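*Asks:* Take this sequence and fold it.
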Amino acid sequence: MFNTKRNCRTAFTLVEVIATSVVLCIIAIGSLNFQYFAARDSKMSQAQISATRTAQLLLEDWMSKGGSEDYDPASLGLGFSPIEAAHPEGSDSLGSKLRNTMFSVTIDENLLLVLLMSKDVSYDESAKVTLRQLCVYASIGKLREEDKTTQIVDYIKPVILTTFVRLDAGGG
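*Replies:* Numbering: from 1, shown residues only. Below you'll find the predicted structure:
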């Protein structure tokens, strides 16, 4: 008698191997894409944290100096230097620019651009006290190689910190 049952094959066909390879490639590409975006977002978050901490340091130091119009972050000795840069959109609404100067410092391999602004918002005639708004605008920047100018990176949100300081008749 002949055995009409076929033996079960344990080998894979070429179509099964190709289909499995395609599925594995799609999974690999998806995981690499996820890893890339996770690393990019992590770098952007670290840059934003550096900008926030730097802005807070400058704002607190500026407040301790009485909100002086002559405040210079370079006096901190942390590497701040004045630069020529395009000022951010809408910075006029935050108050007058101090000496129309932007400062830069490199932190964790990121170029940080800082604009200091102040505006006298109120004056009490009887107490001879002025209330001044202090604002620190910190943004991540990059150096353009073609013309050696600095520009703000627009895909990372800037950090804007504001506080108020009282200027008395003694000048600060």
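*Asks:* Any figure for the gap between the residue nearest to the spatial centre of the chain and Ala28?
*Replies:* In the chain, the centroid-proximal residue (Cα atoms, centre = their mean) is Gln48; its distance is 3.7 Å. Distance of Gln48 to Ala28, computed by Cβ to Cβ, to the nearest Å: 31 Å. Quick note: C-beta positions are derived from backbone N, CA and C, even for glycine.
*Asks:* And for Pro82?
*Replies:* Pro82 is 49 Å from Ala28, by Cβ to Cβ.
*Asks:* So between those two, which is more surrounded?
*Replies:* Here Pro82 and Ala28 are compared on neighbour count by other Cβ atoms under 10 Å; more neighbours surround Pro82, at 14 against 10.
*Asks:* just the helices in the chain please.
*Replies:* 14-64 (DSSP state H).
*Asks:* Can you list the low-confidence ranges for it?
*Replies:* Residues of the chain meeting the criterion pLDDT under 70: 1-9, 84-100, 145, 147-151, 169-172.
*Asks:* What ranges does it have for its strands?
*Replies:* Per DSSP state E, the chain carries strands over the ranges 81-83, 96-107, 110-124, 129-144, 149-152, 159-167.
*Asks:* Who does the longest one pair with, and is each partner parallel or antiparallel?
*Replies:* Under the criterion DSSP bridges, strand 129-144 sits next to strand 110-124 (antiparallel), strand 149-152 (antiparallel), strand 159-167 (antiparallel) in its sheet.
*Asks:* deepest of these, which one?
*Replies:* Across these, averaging neighbours per residue (mean count of other Cβ atoms under 10 Å) puts strand 110-124 on top, at a mean of 18.
*Asks:* Run the chain-centre distance for that one.
*Replies:* Computed by Cα atoms, centre = their mean, to the nearest Å, the chain-centroid distance of strand 110-124 equals 17 Å.
*Asks:* what does stretch 45-55 give?
*Replies:* For stretch 45-55, the separation from the chain centroid amounts to 6 Å (computed by Cα atoms, centre = their mean).
*Asks:* Tell me which residues are up against it.
*Replies:* Taking contacts as Cβ atoms under 8 Å, 6 or more residues apart in numbering, the residues outside stretch 45-55 that touch it are 105, 107-108, 110, 112, 114, 136-140, 156-161.
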